[in-house]
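# Let me see the structure of the following:
(one chain, ligands or ions: 1)
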Amino acid sequence: MDELTRIEHLNKQALGELAGVASDAALRDWRVRYLGKKSQLTAMLRRLGELSLVEKKAVGARANEVKAGLEAFLAEKEQALSKARMVSLAGDEALDVTLPGRTPPVGRLHPVTRIIYEISDIFASMGFQVLEGPEVELDYYNFEALNIPDEHPARDTMATLWVDYEKEGGQRPMLLRTHTSPMQIRFMEKTKPPLRIVVPGKVFRYEATDATHIPMFHQIEGLAVDKGISMAELKGTLYEFSRRFFGKDRKVRFRADYFPFVEPGVEMAIECAVCRGSGCRLCGASGWIEILGAGMVHPRVLERVNIDPKVYSGFAFGMGIERLPMLRYGIDDIRLFYGGDLRFLRQF
Ligand code: FA5
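All right, here's what the predicted structure looks like:
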């Protein structure tokens with residue numbers, strides 16, 4: 001078979017197959033097979049140089065003609081296929097192309113998650129490292145290492161959900177952590193001072209629910225240990241936090257408080273956002289809402305993790321996270337955060 005006959009044969013075959021093509025994928029295949037780099041037609045055009053001058057002219061001209069023809073049919077077929085895909089409306093039907101499209105539902109971060117990010121950012125900018133800890137905790141870290149031994153009354157204030165109550169020897173080894181303070185111990189066991197960390201996360205208490213209390217809430221723990229850290233650093237850091245989070249005008253109050261793992265201990269309260277200090281349902285008519293407990297790390301806690309309290313000192317705080325957006329936005333019931341009402345959640 002000479003080259004010209006081969007071209008005619010190929011052309012016939014290609015057109016025959018194209019007539020049967022009914023999908024985009026089949027059309028792509030067809031194009032690769034007859035017009036692609038590895039197609040017979042391309043190979044023929046490459047071989048032109050091996051032919052005599054006369055043959056070259058005739059074969060070259062016909063091959064290019066066939067190629068152009070196949071390309072034109074290909075374009076036609078593409079159009080036909082895309083037309084077939086369009087919806088055709090019957091005589092009395094109408095399509096209103098000006099109707100707005102359907103908005104797909106888009107999720108967003110929960111307000112508490114956003115506040116955690118915001119608080120963590122503020123402390124990170126003051127040089128604190130941000131980390132997380134386990135929500136199911138050993139008795140040792142949650143109580144024992146924090147100077148709260150078995151029969152200590154401070155355990156009652158954190159009535160607790162035990163995960164693995166019965167164990168040999170009648171021990172109560174694991175519980176849903178009641179505060180983020182266990183991470184103080186876990187971190188200091190591994191890292192020596194100077195250190196500065198904040199630890200946000202969930203905590204759990206077996207507790208009655210009201211406008212400011214729920215059984216599952218979030219805290220952020222803070223811990224700074226170094227040489228020469230005093231109460232001044234503790235107050236300075238928390239004042240600065242309050243200024244950045246609530247603004248300069250919001251009043252802050254420190255009062256003495258007791259936690260077994262600090263000495264001395266304090267609580268910090270913020271002026272109520274709903275009544276601005278005059279007293280309402282949210283603040284229990286006091287004008288203030290307590291947001292955190294804090295203090296200087298107890299020397300015995302430092303000793304337990306092999307940090308010498310004669311050389312090093314530190315401060316720690318544990319802040320209730322839900323109460324911060326309540327105070328900032330004047331939300332009068334903490335239960336709204338977990339009620340799943342989108343009318344509430346969409347406002348953030
Ligand atoms: C503690 O949990 C201590 N671990 C805090 C601490 C850390 C003291 C480091 C000293 C050094 P307290 O039980 O007071 O303390 O809780 C701290 C904060 O969590 C409270 O100020 C309050 O803002 C919040 N909180 C406590 N209970 C609830 C609750 N049921 N619902 C919502 N928030 C709560």
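
# When you work out contacts or count neighbours from here on, use the C-alpha atoms and nothing else.
Fine.

# ok, which stretches of this structure are helices?
Counting by DSSP state H, one finds helices in the chain at the ranges 3-20, 24-35, 40-47, 53-85, 111-125, 139-142, 182-190, 231-246, 299-304, 323-329, 342-345.

# Nearest to the ligand among the ones you listed would be which one?
The ligand sits nearest to helix 323-329 of all those, at 5.9 Å, using C-alpha to the nearest ligand atom.

# Mind putting the helices of the chain into CSV with mean pLDDT and mean neighbour count?
Shown next, in CSV, are those (pLDDT from 0 to 100; neighbours: other C-alpha atoms under 10 Å):
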stretch, mean pLDDT, mean neighbour count
helix 3-20, 91, 14
helix 24-35, 92, 15
helix 40-47, 88, 15
helix 53-85, 89, 14
helix 111-125, 97, 16
helix 139-142, 92, 21
helix 182-190, 97, 18
helix 231-246, 95, 15
helix 299-304, 97, 18
helix 323-329, 88, 20
helix 342-345, 92, 11
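
# which one of those helices lies closest to Arg253?
Ranking these by their distance to Arg253 (criterion: C-alpha to C-alpha) puts helix 231-246 first, at 9.7 Å.

# Pretty sure Tyr258 sits against Val266.
Yes: using C-alpha atoms under 8 Å, Tyr258 makes contact with Val266 at a distance of 6.9 Å.

# higher neighbour count, those two?
Using other C-alpha atoms under 10 Å as the criterion, Tyr258 and Val266 rank with Val266 on top: 21 against 15.

# Could I get the contacting residues of that one?
By C-alpha atoms under 8 Å, 6 or more residues apart in numbering, Val266 lies in contact with Phe254, Arg255, Ala256, Asp257, Tyr258, Gly293, Ala294, Gly295.

# So among those, which ones count as buried?
Gly293, Ala294, Gly295 (16 or more other C-alpha atoms under 10 Å).

# Export those residues as CSV, with columns for distance to Glu189 and pLDDT.
Conversion of those to CSV gives the following (distance: C-alpha to C-alpha, whole Å; pLDDT from 0 to 100):
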residue, distance to Glu189, pLDDT
Gly293, 22, 97
Ala294, 20, 98
Gly295, 20, 98
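
# So which of these reach the ligand?
Restricting these to those touching the ligand (C-alpha under 6 Å from any ligand atom) yields Gly293, Ala294, Gly295.

# Now go through those and say which are in strands.
Members of these lying in strands (criterion: DSSP state E): Gly293, Ala294, Gly295.

# out of the residues you listed, who's nearest Asp24?
Gly293 (67.7 Å).
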